[in-house]
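**Student:** Based on what follows, work out the 3D shape:
(one chain, ligands or ions: 1)
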Amino acid sequence: MPLEPCVIPDHPLWEVFHESSKWKPSDWAEVSRRAAAHSRAGGPAPARPRRGPPMALPAPAPGALLGVGLAAALRRRRSAREFAGLPLDLEDAGTLLWAAAGMIGADGSGLHARRTVPSAGACYPIDAYFWLPIPPGGVHPGPYHYDPIAHGAALVALGSPESNMSDLVTASAFPALIEQAGLLIVLAGVFSRTTERYGARGYRFVLLEAGHAAQNIYLAAAALDLAAVALGGLDDAMLDALLGLDGTRASVLYAVAVGRNPGDCPAGQGGRVDGYCGCD
Ligand SMILES: Cc1cc2nc3c(=O)[nH]c(=O)nc-3n(C[C@H](O)[C@H](O)[C@H](O)COP(=O)(O)O)c2cc1C
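**Tutor:** Numbers count the residues shown, from 1 in each chain. Predicted coordinates:
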């Protein structure tokens, strides 16, 4: 397929989609009616945790983010493409996943409990998957599906650690970067959760919400003194296949690779001060 497929002569696909998903004041009544009917019917079907061997994640530690103010995290945020090639602590991985998609509401049912990200109609169409390309001792590298309600994870591909990692590296446009990262979070959209309420415009909302999640990961990584980079250059079909997504109703959208900064020390062996690794 060409990069700019054209369904109407002289109009690229994005232009046709954008035009077709615009709202105008005369739509408000129908938008409200449809949203109310969707809420009355119970809203989107609750996201079901994926089946697979579970992996326990340490409880999210938002306290770890508190040492750095928001202004400092925003100033530190940048895309870094060099990682130390060291594992990430599971505590940090859990905190990053919580920042991306975690629960903050008091309602433990998961139906309407609030999350770290805003969501149109509280539909929460984004699922977070992750790999630990350099897993901490004894942990399978994944891929895992993050369950925000339990703050747990399930292994979704049952191959050997070696074959799962080589599949991931093959699917990536940035193999060297992935191999050095401690964590790769892949954000996938389950489109019907939002489109059944908002129609074609719901597709826009799903993409916007992936952006909210990715920015949270960037800021949490900055606060944890970790390096992060957003990855839009993905082999969609291959990643969908690795995660067991059909690619149409649910599909990968975006990813963020996170790693320790070059010059960092292995966990528990000193600390990094301005690029100098105290364990050298
Ligand atoms: C939607 C999106 C997709 C991106 N995809 C990639 C990517 O595939 N590879 C990459 O190295 N950086 C990617 N980036 C990171 C940008 O290159 C980066 O944000 C930009 O150069 C600005 O640098 P900064 O983030 O350090 O401010 C992406 C950023 C966004 C917002």
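**Student:** centroid residue for the chain?
**Tutor:** L187 (3.3 Å; CA atoms, centre = their mean).
**Student:** The ligand contacts on this structure?
**Tutor:** R78, S79, R81, V229, A230, L231, G232, G233 (CB under 6 Å from any ligand atom). In short, each C-beta sits where N, CA and C put it, glycine included.
**Student:** Looking from the ligand, tell me which residue of this structure is nearest.
**Tutor:** Scanning the chain for the residue nearest the ligand gives G232, at 2.9 Å (criterion: CB to the nearest ligand atom).
**Student:** where do the strands sit along the stretch 101-250 of the chain?
**Tutor:** Using DSSP state E, counting those that start in this stretch, the strands of the stretch 101-250 of the chain run over residues 126-131, 144-147, 152-155, 183-190, 226-231, 250-260.
**Student:** can I get these in TSV with distance to G199?
**Tutor:** Formatted as TSV, these follow (distance: least, CB to CB, whole Å):
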stretch	distance to G199
strand 126-131	19
strand 144-147	27
strand 152-155	32
strand 183-190	15
strand 226-231	28
strand 250-260	18
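**Student:** May I see these arranged in TSV, with distance to N164 and mean pLDDT as well?
**Tutor:** As requested, the strands of the stretch 101-250 of the chain are exported to TSV (distance: least, CB to CB, whole Å; pLDDT from 0 to 100):
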stretch	distance to N164	mean pLDDT
strand 126-131	8	98
strand 144-147	10	96
strand 152-155	9	95
strand 183-190	12	98
strand 226-231	18	97
strand 250-260	16	97
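**Student:** for the ones you listed, which one sits closest to H38?
**Tutor:** H38 lies closest to strand 183-190 among these, at 15.1 Å (CB to CB).
**Student:** can you tell me which residues contact A181?
**Tutor:** Taking CB atoms under 8 Å, 6 or more residues apart in numbering, we find A181 in contact with F83, P133, I134, A257, V258, G259.
**Student:** The first one is in contact with A228, isn't it?
**Tutor:** So the one you mean is F83. No: judged on CB atoms under 8 Å, F83 makes no contact with A228 at a distance of 9.4 Å.
**Student:** and the angle from the top helix by length along the chain to strand 126-131?
**Tutor:** In the chain, assigned by DSSP state H, the helix with the most residues is helix 200-223. Calculated by axes from the mean of the first three to the mean of the last three CA atoms, to 10 degrees, helix 200-223 forms an angle of 40 degrees with strand 126-131.
**Student:** By neighbour count, which bits of helix 200-223 are buried? Give me those.
**Tutor:** 201-206, 209-210, 212-223 (16 or more other CB atoms under 10 Å).
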